[in-house]
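K.L.:
Dropping a prediction and its sequence here:
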Amino acid sequence: MEVIIQISIGVFAGLLTAALLRFLVRAFDFVPRKLHDIGIGSSFEPFIARGPGDNYDDVLWFRIRNHSAAPLFIVRAVYFPRNTGIPVYENATKSQKYENGYEVKFGQQYQDMTFLLMPKGDTQSYIPLSSGFDETKFPQEQRGELIIEYVHDGKTGIHKAKL
């Protein structure tokens with residue numbers, strides 16, 4: 001009987017240790033990391049859009065470049081004006097995950113939230129603006145913030161960039 005109790009305690013301790021290790025590996029694997037092999041730029045551009053739900057003439061244009069030798073999978077990109085006064089178009093897609101953020105979409109028709117950015121490749125996207133802009137009023141690094149949730153080289157992370 002004593003042997004059965006010792007075996008039971010050993011099995012229970014082993015299972016508990018395995019569960020704890022699994023939890024810690026998963027928890028630390030999802031710690032946000034800053035991505036150093038990415039380049040992000042922004043500019044104000046004329047962009048005429050007329051159609052159902054679209055009626056704007058200007059956009060805040062984003063360029064994202066992957067400088068690494070590994071693919072970068074963008075899970076989600078969200079733009080935050082951050083009290084800059086940038087006139088974001090009223091029908092711009094609000095983020096469901098981040099309050100006060102706007103979803104940045106990719107692909108041929110700018111409808112995809114996710115995007116696979118190949119090594120040394122680049123992509124572009126935009127946020128529509130409701131009115132014109134003044135470059136001097138919104139200099140670089142004072143145009144808000146872009147947050148990119150990504151998977152790169154087998155690791156997940158969140159990259160924040162001032163625009």
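P.N.:
Arrived safely, thanks for sending.

K.L.:
quick one: contacts of stretch 143-153?
P.N.:
Contact with stretch 143-153 is made by 35, 37-38, 40, 42, 60, 62, 64, 68, 70-82, 84, 86, 98, 101, 104, 156-163, as judged by C-beta atoms under 8 Å, 6 or more residues apart in numbering. C-beta: built from backbone N, CA, C; applies to glycine.

K.L.:
now that stretch, how far from the chain's geometric center?
P.N.:
Distance, stretch centre to chain centre, for stretch 143-153: 4 Å (C-alpha atoms, centre = their mean, to the nearest Å).

K.L.:
so where do the strands sit in the chain?
P.N.:
With DSSP state E as the definition, the chain shows strands at residue ranges 38-51, 54-66, 72-80, 102-104, 115-117, 122-129, 145-152, 155-162.

K.L.:
mind putting these in a markdown table, mean neighbour count included?
P.N.:
Supplementary listing: those in a markdown table, determined by neighbours: other C-beta atoms under 10 Å:
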| stretch | mean neighbour count |
| --- | --- |
| strand 38-51 | 14 |
| strand 54-66 | 19 |
| strand 72-80 | 21 |
| strand 102-104 | 21 |
| strand 115-117 | 18 |
| strand 122-129 | 19 |
| strand 145-152 | 20 |
| strand 155-162 | 16 |
